[in-house]
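Engineer: how does the following fold in three dimensions:
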Amino acid sequence: MMHPPQAQITTADNEMLITRTFDAPPELVWRAWTDPKQIVRWWGPIGFTTTSHAMDVRVGGHWRFDMHFPDGRTSPNRIVFEEVVPNQRLVYAHTGDDDVADITFRVIVNFDRTDAGTKLTMRMIFPSADELQRVARKYGAVQGGIQTIGRLADHLAQRPALTLTLPSEREIIMSRTFDAPRARVWDTMTNPDLLRRWLFGPPGWTMTHCENNAVPGGTFRYAWRGPDNVEMAMKGIHSPPPRAHRPHRNLRVRLRIAVRRTARHPHPHRARGPHNHEPHPPLPLQRSPRRHHRLGHGARRRRRLPPR
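Structural biologist: Predicted structure coming up:
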């Protein structure tokens, strides 16, 4: 894997600008910045640690935290959020926890989606150019900014990787470990309201339909709309898992999926073929041979005779 270049910092008048591209989507970078459990793992220059007391990421909300210096000193800090656009933009004012601080500045952070992942732009605005120079000399703000964003890059690089395998021509297996309770992962994978929050499809697409009945024999149907009104839909059936159905525990299910991608049509339920003449025939759903195997060879041919 190619590692993104080091953060770039420029200063002009009373502003310091930090930019860096991360090999991660904006959703993950945003979460690393706004999740109190994640931000303490990377916030601050090398050698510093952070203790978070309260974090409320909304307009008018506060983040109260302590910065612990390598020499043992502790500095109380407070951030007040002024603008919050999830996965896109964050604006806040940084000051001391008691409104009497040696450093005060305003920060604008943009999370821009790119082909490589996310371009982060962090603009720090100080009260004056002299104040910026003083902070840079006394606290090493320039090098500290490079190290802090570098620690963010290291944190993002440690996220669990997705494993993709192709055991046969008709199977795709995706696996990943999540740092979350089993019940929460189950709900995220089966609750339509939660599915809409992350099952976006390719970049630039939006989800237009979401149905899911996550029980053996239940059906699901998802639909998305992309650029130029191109539509994509997916539907299938939850087959019985290898063992008894156990919610919150058994996520191994067999899915029969039909995928169709068509241009938008006046009759969206009649998807046209490649030459725009005939509808696509429905994809056959084949029964699993396991049922006959369980019944036995003789049971398949046994019939009940009518009464004489």
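
Engineer: okay, CA-based contacts and neighbour counts for the rest of this
Structural biologist: Noted.

Engineer: which stretches of this structure have low pLDDT?
Structural biologist: 1-5, 97-102, 159-161, 163, 203, 240-308 (pLDDT under 70).

Engineer: angles on the backbone of Ala183, please.
Structural biologist: phi -60, psi -40 (degrees, to the nearest 10).

Engineer: pull out the buried residues from stretch 44-51.
Structural biologist: Gly44, Pro45, Ile46, Phe48, Thr49, Thr50, Thr51 (16 or more other CA atoms under 10 Å).

Engineer: now, those residues that are in strands?
Structural biologist: Taking DSSP state E as the definition of strands, these contribute Thr49, Thr50, Thr51.

Engineer: put together JSON lines for the residues you listed, with distance to Ser128 on each row.
Structural biologist: Listed next are those as JSON lines, based on distance: CA to CA, whole Å:
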{"residue": "Thr49", "distance to Ser128": "28"}
{"residue": "Thr50", "distance to Ser128": "27"}
{"residue": "Thr51", "distance to Ser128": "29"}
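
Engineer: which one of those residues is nearest Arg73?
Structural biologist: Thr49 (10.8 Å; CA to CA).

Engineer: once you drop chain neighbours, what's closest to the closest one?
Structural biologist: His68 (5.2 Å; CA to CA, 6 or more residues apart in numbering).

Engineer: list the contacts for the one you found?
Structural biologist: Taking CA atoms under 8 Å, 6 or more residues apart in numbering, we find His68 in contact with Phe48, Thr49, Thr50, Thr51, Thr74, Ser75.

Engineer: looking at the residues you listed, which is nearest Pro227?
Structural biologist: Nearest to Pro227 among the contacts of His68: Thr50, at 42.7 Å, using CA to CA.

Engineer: okay, helices next: where are they in the stretch 101-250 of the chain?
Structural biologist: 129-139, 141-157, 182-190, 192-198 (DSSP state H, counting those that start in this stretch).

Engineer: deepest-packed of those, please.
Structural biologist: helix 141-157 (a mean of 18; mean count of other CA atoms under 10 Å).

Engineer: how does the protein divide into domains?
Structural biologist: 8-157, 163-278 (automatic domain parsing).

Engineer: please identify the deepest-packed of the ones you listed.
Structural biologist: Taking mean count of other CA under 10 Å, domain 8-157 is the most buried of the domains of the chain, at a mean of 17.

Engineer: for it, what is the distance to the chain centroid?
Structural biologist: 20 Å (CA atoms, centre = their mean, to the nearest Å).

Engineer: how about Ala93, what does it touch?
Structural biologist: Ile79, Val80, Phe81, Glu82, Thr104, Phe105, Arg106, Val107.

Engineer: mind checking how far the second one is from Ile46?
Structural biologist: Just to be clear, that refers to Val80. 24 Å (CA to CA, to the nearest Å).

Engineer: same question for Asp71.
Structural biologist: 12 Å.

Engineer: what does Pro25 give?
Structural biologist: 25 Å.

Engineer: with Met174 instead?
Structural biologist: 35 Å.

Engineer: and for Asp56?
Structural biologist: From Asp56 over to Ile46 (counting by CA to CA), the distance is 26 Å.

Engineer: before we move on, what about Asn213?
Structural biologist: 48 Å.

Engineer: now do Val109
Structural biologist: 21 Å.

Engineer: shouldn't Phe65 be in contact with His94?
Structural biologist: No. Using CA atoms under 8 Å, Phe65 is not in contact with His94; the gap is 11.1 Å.

Engineer: residues touching Val91, list them.
Structural biologist: Phe81, Glu82, Glu83, Val84, Arg106, Val107, Ile108, Val109.

Engineer: okay, and the beta partners of the residue nearest to Thr49?
Structural biologist: With DSSP bridges as the criterion, His68 is bridged to Thr49, Thr74.
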